[in-house]
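In: Give me a model of this one.
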Amino acid sequence: MNNTTPYKAPSFSLTDMDGKVHSLKEYNGSWVVLYFYPKDDTPGCTVEACGFRDIQDTLLAKRVVVLGVSRDDGASHRNFYIKHSLDFTLLSDPDHKVMDAYGVWGKKMFGQEGVLRKTFVINPAGQVVKVYGRVTPVGHAGQILADLEKLQAI
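Out: Next up is the predicted model:
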């Protein structure tokens, strides 16, 4: 993965909670917030997801699509989605292939491997234009919104 932006976003095809396949190429022409998180319905992941939910109308008005990715399966995503009234797509990457492509699978605390909480902003041309590493869930969605306003003004 490239650490300088912009660069071509790695392509992907992943299933959502209903088994529908979503590919990055279907979002060409739109801004995409692609965020990777460790596990459905855990405290930090819930705060992060609800933050995106709470600004979803504003994001949609700016033609921004939010996609959340974890290793959880569709049933887990469905429960998380319903329980917290989420209104954006959650994708499953059980083999962490897309996570590998984006550099979000790696060593965590105590040397265990897992999902590193990272977010990528992808412009309508399919380029990663902003990367957030070591994301703190509280306030993350608001920071993304503020940065998107700057990025869209360029």
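In: The residue nearest the centre of the chain: what's it in contact with?
Out: Centre of the chain computed as the mean C-alpha position; nearest residue by Cα atoms, centre = their mean is Tyr35, 1.7 Å away. Taking Cβ atoms under 8 Å, 6 or more residues apart in numbering, we find Tyr35 in contact with Glu48, Phe52, Val66, Leu67, Gly68, Val69, Arg117, Lys118, Thr119, Phe120, Val135. Where C-beta positions appear, they are placed from N, C-alpha and C, glycine not excepted.
In: What residues of the helix or strand encompassing the second one count as buried?
Out: Right, the one you point to is Phe52. If you go by DSSP states H and E, Phe52 is part of helix 43-54. For helix 43-54, a neighbour-count test (16 or more other Cβ atoms under 10 Å) marks Gly44, Cys45, Thr46, Glu48, Ala49, Gly51, Phe52, Arg53 as buried.
In: Can you list the low-confidence ranges for this structure?
Out: For the chain, the stretches with pLDDT under 70 are 1-3.
In: try 90 this time
Out: Where the chain drops to pLDDT under 90, the residues are 1-5, 107-112, 134, 154.
In: By residue count, tell me the biggest helix in it.
Out: helix 140-153 (DSSP state H).
In: neighbouring contacts of it?
Out: Contacts of helix 140-153 (Cβ under 8 Å, 6+ apart): 31, 33, 48, 51-52, 54-55, 58-59, 62, 64, 119, 121, 123, 129-130, 132.
In: a helix runs through Gly68, doesn't it?
Out: No. Read with DSSP: H, G, I helix; E, B strand; the rest coil, Gly68 is strand and lies in no helix.
In: How far off centre is stretch 143-154?
Out: Its chain's C-alpha centre and that of stretch 143-154 lie 16 Å apart, by Cα atoms, centre = their mean, to the nearest Å.
In: Could I get the buried residue list for that stretch?
Out: Ile144, Leu145, Leu148.
In: Over to stretch 79-90?
Out: By 16+ other Cβ under 10 Å, the buried positions in stretch 79-90 come out as Phe80, Tyr81, Leu86, Phe88, Thr89, Leu90.
In: ok, residues contacting that stretch?
Out: 16-17, 22, 40-41, 46, 49-50, 52-53, 56, 65-70, 72, 77.
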